[in-house]
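Student: Here is my input, please return the structure:
(4 chains, ligands or ions: 6)
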Amino acid sequence: MSAVLEEKIPSEAPLGPSVVNDFSIHVATANGSGSQSSNSILMRAIFQMGIPVSGKNLFPSNIQGLPTWFTIRASKDGFIARRRDVGVLICMNPETAHEDVRTVHPGAAVIYEENLKLHTLRNDVHFYPVPFSKLVLELVHDGKLRRLVVNMIYVGVAAWLLNVDREEIQKALSKQFHGKEKAIEVNWTAIQGGWDWAEQNLKKADPFRLERMNKNAGKVMIDGNAAAAIGCMMAGVNVVAWYPITPSSSLAESLIDFCREYRKDPITGKPTFAIVQAEDELAAAGMILGAGWAGARAMTTTSGPGISLMSEFVGLGYYAEIPAVIFDVQRVGPSTGLPTRTMQGDILSTYCLSQGDAFHILVIPASVEECYTLSMEAFDLAERFQTPVFVMMDLDLGMNNWMAEPFPYPDKGIDRGKVIRTAEEFSAHTQKYKEFARYRDVDGDGIPWRTLPGMIDNPAAAYFTRGSGHTERAAYSERPEDYKNNMDRLSRKFETARLHVPKPVVEGEGSRIGVVQYGSSDFAVQEARAILKRKGIATDCLRIRALPFTPETRHFISQHERVYVVDQNRDGQMFSLLSLEAGPDAARLKSIRHYDGFPLDAETVIEGIEAGEKV
Amino acid sequence: MSAVLEEKIPSEAPLGPSVVNDFSIHVATANGSGSQSSNSILMRAIFQMGIPVSGKNLFPSNIQGLPTWFTIRASKDGFIARRRDVGVLICMNPETAHEDVRTVHPGAAVIYEENLKLHTLRNDVHFYPVPFSKLVLELVHDGKLRRLVVNMIYVGVAAWLLNVDREEIQKALSKQFHGKEKAIEVNWTAIQGGWDWAEQNLKKADPFRLERMNKNAGKVMIDGNAAAAIGCMMAGVNVVAWYPITPSSSLAESLIDFCREYRKDPITGKPTFAIVQAEDELAAAGMILGAGWAGARAMTTTSGPGISLMSEFVGLGYYAEIPAVIFDVQRVGPSTGLPTRTMQGDILSTYCLSQGDAFHILVIPASVEECYTLSMEAFDLAERFQTPVFVMMDLDLGMNNWMAEPFPYPDKGIDRGKVIRTAEEFSAHTQKYKEFARYRDVDGDGIPWRTLPGMIDNPAAAYFTRGSGHTERAAYSERPEDYKNNMDRLSRKFETARLHVPKPVVEGEGSRIGVVQYGSSDFAVQEARAILKRKGIATDCLRIRALPFTPETRHFISQHERVYVVDQNRDGQMFSLLSLEAGPDAARLKSIRHYDGFPLDAETVIEGIEAGEKV
Amino acid sequence: MSSTAEPKAPPSNRLGLDVKQYGGGKSTLCVGCGHDVITRQITQAFFEMGVTPHKVAKMSGIGCSSKTTAYFVDRGHGFNAVHGRMPAVATGAMLANHHLLTIGVSGDGDTASIGAGQFVHLLRRNLPMVYIVENNGVYGLTKGQFSATADFGSKLKSGVVNDLPAIDLCAMAIELGCGYVARSFSGDMKQLLGLLKGAIAHRGTALLDVISPCVTFNNHESSTKSYKWAKDHEIPIQEIGFVPFFEDIHVDYDPGTTQDVALHDGSHIRLKKLRADYDAMDKTSAYALLHEAKEKGEFLTGLIYVEPEKKDFLSLLGLPDQPLAAMTLEQTRPGPEALEQIMESLR
Amino acid sequence: MSSTAEPKAPPSNRLGLDVKQYGGGKSTLCVGCGHDVITRQITQAFFEMGVTPHKVAKMSGIGCSSKTTAYFVDRGHGFNAVHGRMPAVATGAMLANHHLLTIGVSGDGDTASIGAGQFVHLLRRNLPMVYIVENNGVYGLTKGQFSATADFGSKLKSGVVNDLPAIDLCAMAIELGCGYVARSFSGDMKQLLGLLKGAIAHRGTALLDVISPCVTFNNHESSTKSYKWAKDHEIPIQEIGFVPFFEDIHVDYDPGTTQDVALHDGSHIRLKKLRADYDAMDKTSAYALLHEAKEKGEFLTGLIYVEPEKKDFLSLLGLPDQPLAAMTLEQTRPGPEALEQIMESLR
Ligand SMILES: Cc1ncc(C[n+]2csc(CCOP(=O)(O)OP(=O)(O)O)c2C)c(N)n1
Ligand SMILES: Cc1ncc(C[n+]2csc(CCOP(=O)(O)OP(=O)(O)O)c2C)c(N)n1
Ligand code: SF4
Ligand code: SF4
Ligand SMILES: [Mg+2]
Ligand SMILES: [Mg+2]
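Tutor: Numbering: from 1, shown residues only, chains lettered A, B, ... in the order given. Ligands and ions are numbered 1, 2, ... in the order given. This next block holds a predicted model:
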């Protein structure tokens, strides 16, 4: 039976037991129609009800008019990966409505603009037609606002239908438009209007409902880009050079906002940072190398196309040994690809970026917490190893909102590496090591010492930085011995890095099956493991947090009969790198690959493992 | 006993049996001093005597004044790799003379400017002091010419000492300065002066001598860059865009010369090609993609730094499927590295160049003949597979002179791939396939058909090229199915390429030991194999000529107990790729790496294999 | 302002095609975006000029503006290159086939920020193509950051103020030898149409720097690239008339008030002077005009500089008439004698 | 021509250092290369200005010219970046530490060919640095191909003729707002020294486009960048006098024949006019001069344009006096309250 009284076509939607706090809401709208605020409010209200929730924005590479979808997943068990099946569909976009309806599972609830007459499309779902366009005329008098505010009505309708707390909606609304009283008022009228209309006209028929829990106490909700920005700010970043590109722009833009607020010198009131919008990514890379060379903590943020453009400069950073942090918020490649979709497609090419023999340190956060902590870590690694360090995020992690425990204040200082800053330090250095030689391995770890330009008035402290062959004392050299000596030291330095990069996180022990994942795949993998466990398939897992691999990874592989490597890319990039790492154990590895631009979901992982296990 | 009568210090240089047609001559001079002509003449004369010979220029990244060395290797057995031990040293550069003398093996002959007083340095070599500066004053009256012509004197001295045919020297001289009678005259005076002086004043004491053979009949002598240029010209290249960079510039410059001579339309007299010096490598890459898209055979030539800069465009070429040929004449990286030294350091980063999932076709010539043939092949592959194809050469192959059989005139036409050029072809196509869809796999090989801009007056023939997501019909799309469909087809296309790229060359059969080499390493590997064979170690070898690997490679590995992979880079780049390819057989692979910027020599390979075989 | 509509164009042009046959895909830009207005004028200009649609090659970079090449003349091939590097791709395409009628559409970010280097060299080479910059002072597609043409002191919605000077693309173009340099405004349709037709007729790079408001990110009060600002401040320096070579119209005009420029293909541009003393064929005047305008903060539009006789890049190369892309192996592979001659020289 | 030698400089400067302490490594350029002459003048200028050597940051790209930063002031750090992209690196270094006295040395290939984009944006930002282009019209280090500043019609040794117009770096610089624009010739040592000292005293980008013959590849008869050609054609527009702020010299001068420019640090440039009517502080004159010179094929040298009061990039950013690179964690890590405040806003 359909949900509304006047409905003619009888629905055969199953009316199973009620599904509480464990379903997805999928909202289909057009881009630029203001639906983002509506969706945020809905999600935040659920969050405030103490129910674990996550939100994903599937948006087009366009500013206005193209279809866009927002998925809110409530999960009492705290799973926040994408979920394939949709419980509640809200259809506001005529262009995609028919297809949207077709893709939901039987039993779903479908809220839609009644003019669209979707109810004829199938009879195994619960239809809730709503006269949005009529309602908005009644509720909003300012004609210019109507296009934006109409989306608030569905918030009210859905809230009533799913049992969202009205008060929490109101709180979420205030938060969304903080201080803007007029906006709050208009939108509240729309939300309330939707609620009231639904209450009076709809009859709840679907099984989906929300109930207050207590799982979110103290938690925050934040996107990975903002989280990384906080990390950068707390790491004391000095110089930021960037060029806008989706999905990385908001990292820089959040950083600008945070720094403007919190990074003023208390005495002079002047900024303790400089953020420059460069003319392109080559320039951004050049600027951060210049800044890193001169002693600043410097970073840039970009996505795939920018990484490619930075390639030559990154090789210089590697070879001339200059610290810099580069965020790659990965999107779908190759080339321009799908700029607003997610992928982990740059792992391999970034690991060996630039001509000649070179590998780079990559750190790979898997949650907003890690976006925060590993960003700080990246600066330490860059300065410790005097080399460009990449933070490999992705669009899903960077641009979507995630719940998290509040970020802890850092409990330690920062590592600025082997820098000689003052005349006193310089004489201590020369006393200890006889002389200062910029590229000499005096400590046996492959890492040389460096001075900074303009800091020490001593002829022996200055050195010349170049991307061409050089001796330990930084003199130009084409001698084969000098070249080899230097390259071997760089290898040694990389081996040292292997012991210092963030170690993988291992969960479980003793299972015959292992899973290896990294980055945003973790959400889906953890959910898949839980489901598989219920199904009787126990797994251990190892989450990679950095390249080069630390020794734990190889050990983990050797301890499991079969190890499923989960990649969000076509070519199984991490799988390939692991195959190299694993040596004879490579035969144990199996590859699960997801690469359609949507975030990974648990089912894909489960299917992959079940296929491999021949279940 | 020293070689000259007035010599005071008794030499203990061994006076072994005479060494005929099997030693190296090493000439140390200063860059920009005109010694290149002298060395060429000496080498060419030996070549004309029918003795297999090769020459290697070890020059600095500098135009004038820094040390430079030229090595001429005569090898009756036809081995033309670098040879570590020097038979005859000619010391013209005071700056390096002492070190030069120190590095030669006992028994060597050392010709030097007598002022340098090198004879006190050791007593186990044969010293031939020559008063070059005095002689040049006598022989050359034009003061301005003296600096250049002094180097001709050592040609005369060495020729007398080593028994080079005077007539061949004269012939080589004429060839060098063809037509410039004045130059020929002045230089001949100097050479003859050197010869005469040597005849009158020196006493041959060392064992090295040259004797006429008949091994070079019909052979040519050419550098790899010129050979590749001939290949490009014969492939019918239409558009060349390039930016100067050592060691690739001479490929473009030879091509300009050849095309100006041989590529004029017989009727109009106008060029059938366009060669443009671009403003940088990004522009060069963009130009060839534009040209390839519009239907031209287009190419660029560069080295590592340029490859890095082309990275973003190469991804576009891969994803939008545009043919282009890119020559990478590899030099020592990372970064600016050693611009005038040789390496195979760009294999891995070029294979996976650009952001996102992408692998590229690489062809790898190992001789000047192959520089010619595989250049032609590269154009065919690029058009057949509609993708950028890389020709991976290196400085040693590209800039040094090598003997070769004359290049055969191509015995087949060219493959322009699946292009629909005319309205007739277009209607035939639509008849056969129902419609034209730019990115549809109508033939099951992953390769779609394409039309060219401006050629066919039919609305259905035009399509839109982009680096962003697209449907089979080239329409913009962000749909996951479209994206995945296209990416899977690209994988399929790459699998097809695996069967069409140049197959490896396998030599030998049934040995337990295999060697895998590629590019310019072949010379040293073949010499090493011959020596090892004499020592009782039989080897088979497989020379890779392209990536992706063809099935033969995997088979070869599986057929040998141990397979030594020879890389001229630090990180064993091909070794890594082979390890991935070999799967469980990866354990059979062992890595031999040479990476000091000098060309590979046989000893390095022998040492590597002997160490592995625990000999 | 010269925004009154032209007399209705005839339903079909000299090729017998109607304007629809010059159309393209549906725009996905924001409602009201200046770029869409320009697209319509481009379509109209191609139609009125009777250009053969399939000979048109549409080149662009990345950005909202760069997307627009999909919205006109879909009977011609299009090429959406990478960000800021369209000039190189266009150069390559023209080298391969100089019969193409190449039009490039770019944005201010695409051209003046990331693309400055290629823009400089495109102009230096004088590649024959129409090059339109749809200039809104911001990066539309990445949500409104300032570009390098943002005016000094202009403000974003967010309140951020631009404290760097704007790059004046017209001044740069003249400095680099461009032979057709115009500035216009997407709100001034008639002028734009005339300038576009002139650009199509010109042989060499024809630069049109068209102010094209971004209604979503840069159309507010304090913007200097908004519709309102541009409308209020536009000062056309001429009224643009265009007489194509295939129309045999003789109009008497007063050389004192009208400047007649004969273009390469026999067409004429008639510039009815609104600034009495302005000579669009004089480089020094052009500079002076632009700098005066910059000092005064004036927004001058029109054909700022034209030099119809300048040699273009392809002529300099002396290419044959047949496109290189159309040559057969017989034409491009030298015979065995040639190879033998080379081999002989290497013996 | 003003090539007569200056009176011998005193053996030590205001810091008590002698000229040797401003020296660097031995040059490895060709004997007679113009670049070496410039190196000597740079050394001399730093010495005479009494610059603190270890505060000097020497930036360059790739090329023979770019190598020269290793040949002076080796008490300062040097940075040989990648080809054409030194401006970005210099920008980053200055952001990190604006107390550095930054000098960039580049070539015409490095700046005008591959580097055009970064050059444009460096000028637009007005980063405080001395930027010298050692301009020989060719790529020296890669053996003599034409660069983008090769004059139209000039010939290589090999006979190849350049058929593209030269980029005029000075004109571009003025167009892009550069506040110190000079052209000189490595053979005119006195002028060069004066211009260098002025450039060091200027706060903002100071561009010196110095013709510097490549004796190996572009010094032949038919070259327009040879010593002979430059010597024969150079027309200085002023005689350059420089009075540093630390020297209290008052000279009477006739404002009709001499222009006095007060620089940011209190130094003065005294321009003794050789062109009576030329005002180096007037942009319009500067343009006119350059274009006239171009038309006539004249080689004018001197201080073409100067605007001492222009705000530089670092001032615009409002950075504190302490270099960012020297800040401690205490200064740059916000306290726990800040983090808590952010977290609270996210609940
Ligand atoms: C290499 C690279 N960097 C950044 C981007 C992201 N990006 C896309 S469009 C754009 C700016 C477009 O601005 P503009 O050219 O002014 O066009 P508009 O959208 O304003 O019309 C940027 C930065 C990209 N696609 N590629
Ligand atoms: C990315 C890149 N492309 C090409 C080169 C090769 N290269 C080195 S120097 C140079 C040109 C230098 O010319 P210019 O800047 O005029 O300096 P000059 O040697 O004439 O002083 C080129 C093309 C390079 N090093 N890097
Ligand atoms: S964002 Fe601006 S430039 Fe882009 S389509 Fe919308 S209005 Fe046009
Ligand atoms: S090649 Fe030219 S630019 Fe380079 S050092 Fe020699 S003379 Fe100078
Ligand atoms: Mg824009
Ligand atoms: Mg130069």
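Student: okay, CA-based contacts and neighbour counts for the rest of this
Tutor: Noted.
Student: ok, C:His329 - contacts?
Tutor: Not quite, residue C:329 is Leu, not His. By Cα atoms under 8 Å, 6 or more residues apart in numbering or on different chains, C:Leu329 lies in contact with B:236, B:413-414.
Student: go with 7 Å
Tutor: Contacts for C:Leu329 (Cα atoms under 7 Å, 6 or more residues apart in numbering or on different chains) come out as B:Gly236.
Student: and the gap between it and B:Ile326?
Tutor: 21 Å (Cα to Cα, to the nearest Å).
Student: cool, C:Gly107 as well?
Tutor: For C:Gly107 relative to B:Ile326 (Cα to Cα), the value is 29 Å.
Student: So if I had to pick from these two, which one is more boxed in?
Tutor: Set side by side, C:Gly107 and B:Ile326 show more neighbours around C:Gly107, with 34 against 29, by other Cα atoms under 10 Å in any protein chain shown.
Student: Quickly list what that one is bridged to.
Tutor: C:Glu134 (DSSP bridges).
Student: There's contact between it and C:Glu134 in this structure, I believe.
Tutor: Yes - here C:Gly107 reaches C:Glu134: they are 4.9 Å apart, a contact under Cα atoms under 7 Å.
Student: so what sits against both of these two?
Tutor: Residues touching both C:Gly107 and C:Glu134 by Cα under 7 Å, 6+ apart: C:Ser65.
Student: ok, whichever residue of the stretch 201-347 of chain C sits closest to ligand 6 - how many residues close by?
Tutor: Relative to ligand 6, the nearest point of the stretch 201-347 of chain C is C:Phe313 (23.1 Å; Cα to the ion). For C:Phe313, the neighbour count with other Cα under 10 Å is 23.
Student: Same check on A:Thr553?
Tutor: When neighbours are counted by other Cα under 10 Å, A:Thr553 registers 21.
Student: Does chain D have contacts with the helix or strand hosting A:Val391?
Tutor: Assigned by DSSP states H and E, A:Val391 falls within strand A:388-394. No - shown here: strand A:388-394 not in contact with chain D (Cα under 7 Å from any Cα of the partner chain), separated by at least 14.5 Å.
Student: Check the offset of that strand from the chain's centre.
Tutor: Distance of strand A:388-394 from its chain centroid, counting by Cα atoms, centre = their mean, to the nearest Å, is 11 Å.
Student: Show the subsequent helix or strand relative to that strand.
Tutor: Next in sequence after strand A:388-394, counting helices and strands by DSSP H and E, comes helix A:395-399.
Student: Check whether the helix or strand following that following helix comes into contact with chain D.
Tutor: Counting by DSSP H and E, the next helix or strand C-terminal to helix A:395-399 is strand A:401-404. No - in terms of Cα under 7 Å from any Cα, no part of strand A:401-404 sits within range of chain D; the closest distance is 9.3 Å.
Student: packing partners for strand A:401-404?
Tutor: With contacts defined as 3 or more Cα pairs under 7 Å, 6 or more residues apart in numbering or on different chains; DSSP states H and E, the packing partners of strand A:401-404 are strand A:53-58, strand A:220-223, helix A:368-385.
Student: Nearest spatial neighbour of A:Ala183, chain-adjacent residues omitted?
Tutor: A:Phe177 (6.8 Å; Cα to Cα, 6 or more residues apart in numbering or on different chains).
Student: and that neighbour, how many neighbours?
Tutor: Applying other Cα under 10 Å, we find 14 other residues in the vicinity of A:Phe177.
Student: hang on, it packs against A:Asn187?
Tutor: No - if you go by Cα under 7 Å, A:Phe177 and A:Asn187 don't touch, sitting 9.7 Å apart.
Student: Determine which residue lies closest to the centroid of chain A.
Tutor: Residue closest to the average C-alpha location in chain A (Cα atoms, centre = their mean): A:Leu397, at 1.9 Å.
Student: What does the pLDDT read for the residue in the stretch 151-300 of chain C that ligand 2 sits nearest to?
Tutor: Nearest to ligand 2 in the stretch 151-300 of chain C, going by Cα to the nearest ligand atom, is C:Leu176, at a distance of 19.0 Å. Looking at C:Leu176, its pLDDT is 96.
Student: correct me, but it touches C:Leu123?
Tutor: Yes - C:Leu176 is within contact range of C:Leu123, at 5.9 Å (criterion: Cα under 7 Å).
Student: Tell me which stretches of chain C form strands.
Tutor: Counting by DSSP state E, one finds strands in chain C at the ranges C:56-60, C:77-80, C:101-107, C:129-135, C:138-139, C:145-146, C:180-185, C:205-211, C:234-236, C:238-243, C:258-262, C:268-273, C:299-306.
Student: Quick one: closest of these to ligand 4.
Tutor: Across the strands of chain C, closest to ligand 4 is strand C:205-211 (Cα to the nearest ligand atom), at 32.9 Å.
Student: Do any residues in that closest one lie close to ligand 1?
Tutor: No - Strand C:205-211 is not in contact with ligand 1 by Cα under 6 Å from any ligand atom; minimum separation 10.7 Å.
Student: Look up how far D:Pro236 lies from C:Phe299.
Tutor: 37 Å.
Student: In contact with the closest residue to ligand 1 within chain A: list those residues for me.
Tutor: Per Cα to the nearest ligand atom, A:Ile245 is where chain A lies closest to ligand 1, at 3.8 Å. By Cα under 7 Å, 6+ apart, the residues touching A:Ile245 are A:302-303, C:142.
Student: Can you show me the helices along the stretch 101-250 of chain A?
Tutor: A:132-139, A:143-162, A:166-176, A:181-201, A:224-234, A:249-262 (DSSP state H, counting those that start in this stretch).
Student: okay, these in CSV with mean neighbour count next?
Tutor: CSV is the format used below for the helices of the stretch 101-250 of chain A (neighbours: other Cα atoms under 10 Å in any protein chain shown):
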stretch, mean neighbour count
helix A:132-139, 16
helix A:143-162, 22
helix A:166-176, 19
helix A:181-201, 19
helix A:224-234, 27
helix A:249-262, 20
